[in-house]
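**Q** Make a model of this:
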Amino acid sequence: MLTLVNSTDANDEIVPEPHGLYRLHLKPNTQMAIETKPVFGANITLHSSVLKHDNFVATPDNILGWLDHGGLSYFAVKTETTSSDSDDKSVILPSQFLKAEGGILRVTSPTRIYLISKTPIDINKHGLCLFTPVR
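**A** Predicted coordinates for the structure are as follows:
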């Protein structure tokens, strides 16, 4: 015997999150290292465990890396848009999403991170990751 399923309460609307998708870039001439502890002479040392996964959620407790005295000035954040004619010319500061207290790099709130590059050459060329804050 077959029965019909009442689908009148189905939710088929896809609503974008109020926050967007962002790309994290390193500014040109930034010296980067990938290690488990800070590297002397590197502007940014990314913790090697960050590059082990293609995507993950980082919390403010997680150490993503270490920065020298330049702090967050080595990063640039851009909105990742799907349309070619983006009218949004607002400036996005890295400090809206990242913090560097005592030279330790962390996120300011839980953040979903999608790595797009895992080698220093690719990170400098394409950016480190796409990310979006989560609730």
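**Q** Show the residue spans covered by the strands in this structure.
**A** When assigned using DSSP state E, the strands of the chain occupy the ranges 22-26, 32-35, 44-47, 55-58, 65-67, 75-79, 98-101, 104-107, 111-115, 129-133.
**Q** Go ahead and measure how far the helix or strand bottoming out on mean pLDDT in the chain is from the middle of the chain.
**A** Across the helices and strands of the chain, mean pLDDT, DSSP states H and E gives its lowest value to helix 120-126, namely a mean of 90. Helix 120-126 sits 14 Å away from the centroid of its parent chain (Cα atoms, centre = their mean, to the nearest Å).
**Q** Which residues does it contact?
**A** For helix 120-126, contacts defined as Cβ atoms under 8 Å, 6 or more residues apart in numbering pick out L26, P28, T30, M32, A33, I34, I116, S117. C-beta coordinates here come from the backbone N, C-alpha and C atoms, glycine included.
**Q** quick one on the thing from earlier: what would the strands of the chain look like in a markdown table with mean neighbour count and distance to I92?
**A** Shown next, in a markdown table, are the strands of the chain (neighbours: other Cβ atoms under 10 Å; distance: least, Cβ to Cβ, whole Å):
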| stretch | mean neighbour count | distance to I92 |
| --- | --- | --- |
| strand 22-26 | 20 | 7 |
| strand 32-35 | 17 | 21 |
| strand 44-47 | 23 | 19 |
| strand 55-58 | 14 | 18 |
| strand 65-67 | 22 | 18 |
| strand 75-79 | 17 | 4 |
| strand 98-101 | 17 | 11 |
| strand 104-107 | 18 | 15 |
| strand 111-115 | 19 | 14 |
| strand 129-133 | 19 | 12 |
